[in-house]
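Visitor: show me the folded form of this:
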Amino acid sequence: MVFVGLISMCVGILMGGYLFSRSQPRSLLSINHCQNCLTPKDLLGLIASVGIQKTPGLMPFVVFETDKTIAIKLPLPHKRIHYVIIPKKDIKNVGEISEADTPYLTDAFFVARQMIEQQKLSRYEIYTNGPGLQTVTYLHFHLVVK
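Guide: Here you go, the predicted structure:
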């Protein structure tokens, strides 16, 4: 019984290491630097990071995808048309952007352009929220038709 427990623990550690290998630390993972540990925003960001990077084929409502970006249509938008454009690299917010993120950001705006052209949109906004306004701690852009 102890042997099965040890094997299960090892498998869990290996799976966790694989799933979270490309995720930026969230407060849950850096407890010693934590001020607001276990916030729902951080947990959602961590789940989004794993889902987008490891299982993009399982994402619902995908309307456009490249190797660096995924775009989804919100099923119940507040506006008539509302897309969320998400880089596949884990970036928590605009304040965390580095030079290495340039290809992902460029591709995200290329995806926005493609969607705008395909749907012949002319009145739209593209925006992102800062850390205090994000509902998920993961950089994403909103493309909203006015």
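Visitor: which residues in this protein form strands?
Guide: For the chain, the strands defined by DSSP state E occupy 62-65, 69-73, 82-87, 124-127, 141-145.
Visitor: which of the ones you listed is buried the deepest?
Guide: Of all those, strand 82-87 has the most neighbours on average by mean count of other C-beta atoms under 10 Å, namely a mean of 22. Where you see a C-beta, it was placed from the backbone N, CA and C, and this is true even at glycine.
Visitor: pairing partners for that strand, with directions?
Guide: strand 69-73 (antiparallel), strand 141-145 (antiparallel) (DSSP bridges).
Visitor: mean pLDDT and distance to residue 44 for the strands of the chain - can I get that in TSV?
Guide: Converted to TSV, these look like this (pLDDT from 0 to 100; distance: least, C-beta to C-beta, whole Å):
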stretch	mean pLDDT	distance to residue 44
strand 62-65	92	18
strand 69-73	93	15
strand 82-87	93	13
strand 124-127	95	19
strand 141-145	94	16
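Visitor: perfect, that will be all.
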